[in-house]
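**Q** mind looking at a prediction? Sequence and model below.
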Amino acid sequence: MRRWFETLHRGHALVLLSGLLVGACQSPTNDDKIDALGGECQSVAESEFHRAGQPCLLCHDTYEGADPHMSVAGTIFATPNIPMPVADAKVTLTDANGTQISTTTNCIGNFQIETADWRPAFPLHAEIECPIPGSEDRRRLVMGTRISRDGSCAGCHFGPPSNKSPGWVYCAATMPDPPYEVDPNCAGICTETSQ
């Protein structure tokens, strides 16, 4: 009888411990950040074109579990004060082990590197090569600091430069002439009047 009680007692303890561990996986901070993103633009499908300029890994990592899982993702904009996306910007990242990977931005300025393709060792070195409108040349920009642990560019780079953020990741200090343009057929353009 006593052995049965001890087994039952251990079983309840395991159930309780499992419940505590599952509850401990919740993060009110992450939940608040995800809630702060607001709703989806209804005219843009959930795809590599949605939520330009937002911290992709809040959802596309192991916490929220949205597919695909990403190791690094972000959006490249035209200038620090104009959130116009830049297509075909080349993003090159090098991890602490010297492993390097490159990708390019889509028509809404988004890029992503999935964990199936690269699991980097932080910190990361980042550089971008931006197309120059009206030219075959490209402008190379190197990030002065290292990415220490957040694979979402918008984890640090959001909005115009302020005391809270260095500002969006951008290609030029001011809009070049001719200016950057967004393909009017880009699947990431939100056609709603309010989001």
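**A** Looks like it arrived, so ask away. Numbers count the residues shown, from 1 in each chain.

**Q** next, count neighbours for Lys90.
**A** 17 (other C-beta atoms under 10 Å). In this view, the C-beta of every residue, glycine as well, is placed from N, C-alpha and C.

**Q** give the contact list for it.
**A** Ser102, Thr103, Thr104, Ile128, Glu129, Arg138 (C-beta atoms under 8 Å, 6 or more residues apart in numbering).

**Q** compare the residues you listed and tell me which is most surrounded.
**A** The residue in the contacts of Lys90 with the most neighbours, by other C-beta under 10 Å, is Ile128 (24 neighbours).

**Q** check the secondary structure at that residue for me.
**A** Each residue gets one of three states, and Ile128 gets strand by DSSP: H, G, I helix; E, B strand; the rest coil.

**Q** pLDDT at it, what is it?
**A** Note on Ile128: pLDDT of 98.

**Q** surely it touches Cys153?
**A** No: counting by C-beta atoms under 8 Å, Ile128 does not reach Cys153; the two are 10.2 Å apart.

**Q** out of the contacts of Lys90, who's nearest Ile76?
**A** Nearest to Ile76, judged by C-beta to C-beta, of those is Ile128 at 6.2 Å.

**Q** contact partners for the closest one?
**A** Applying C-beta under 8 Å, 6+ apart to Ile128 gives the contacts Ile76, Ala89, Lys90, Val91, Thr92, Arg140, Leu141, Val169, Cys171.

**Q** give me the common contacts of Ile128 and Cys153.
**A** Between them, Ile128 and Cys153 share these contacting residues under C-beta under 8 Å, 6+ apart: Val169.

**Q** if we can go back for a sec, so which of the contacts of Ile128 are in strands?
**A** Judged by DSSP state E, the contacts of Ile128 include Ile76, Lys90, Val91, Thr92, Arg140, Leu141, Val169 as members of strands.

**Q** run through the bridge partners of the fourth one.
**A** Put plainly, it is Thr92. Beta bridges link Thr92 to Ser102, Glu127, judged by DSSP bridges.

**Q** now it: how far from Arg146?
**A** Look at Thr92 and Arg146: by C-beta to C-beta, to the nearest Å, they are 14 Å apart.

**Q** most widely separated two among the contacts of Ile128?
**A** Pairwise distances across those peak at 14.4 Å for Thr92 and Cys171 (criterion: C-beta to C-beta).
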